[in-house]
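K.L.:
sequence first, then the predicted structure, then my questions.
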Amino acid sequence: MFKTMMTTTFAIFAISLSASALAKDTAPDIAADNANLPSELTFNIAKTAIAMGVKQPLTINKDGNNAKISGSNSTICTAKLSADAEPKMLGISCK
């Protein structure tokens, strides 16, 4: 019984790793990016907004130290950005 449980646990773990690897490889569909942020930050903001319910294609705009991410549904996320020369995402909230 223990061997069966271990085999099942390993199989589930392997499947979850495969699913997460596939999810990471998928580039977000960004229709408009007017924020002029570094590409890695834009990618991270977009993936986070999608995970929080914004539907693709996305529109990303910058307003001061905030980035607004909207999509094809009514969910809008606001990512708070640091004021550094190379900004970092400090937090995100969605409505």
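P.N.:
Arrived safely.
K.L.:
could you pull out the helices for the protein?
P.N.:
Ranges of helices within the chain are 2-25, 39-51, based on DSSP state H.
K.L.:
the ones you listed: lowest mean pLDDT?
P.N.:
Mean pLDDT is lowest for helix 2-25 among these, at a mean of 55.
K.L.:
from N36, how far out is the residue most central in space within the chain?
P.N.:
Geometric centre of the chain, nearest residue: K47, 1.6 Å, by C-alpha atoms, centre = their mean. Remark: distance between K47 and N36 (C-beta to C-beta, to the nearest Å) = 19 Å. C-beta: built from backbone N, CA, C; applies to glycine.
K.L.:
pretty sure G91 contacts A79?
P.N.:
Yes. G91 lies in contact with A79 (C-beta atoms under 8 Å); the separation is 7.3 Å.
K.L.:
look at those two and report which has more neighbours.
P.N.:
A79 (26 against 8; other C-beta atoms under 10 Å).
K.L.:
the more buried one touches P87, doesn't it?
P.N.:
No. Counting by C-beta under 8 Å, A79 does not reach P87; the two are 9.6 Å apart.
K.L.:
what's across from G91 in the sheet?
P.N.:
K80 (DSSP bridges).
K.L.:
which pLDDT value does the model give it?
P.N.:
Reported pLDDT for G91: 97.
K.L.:
how much space between it and M52?
P.N.:
12 Å.
K.L.:
same question for P28.
P.N.:
From P28 to M52 the distance is 12 Å (C-beta to C-beta).
K.L.:
compare those two (neighbour count), which wins?
P.N.:
When neighbours are counted by other C-beta under 10 Å, P28 and M52 differ, and P28 comes out ahead with 20 against 13.
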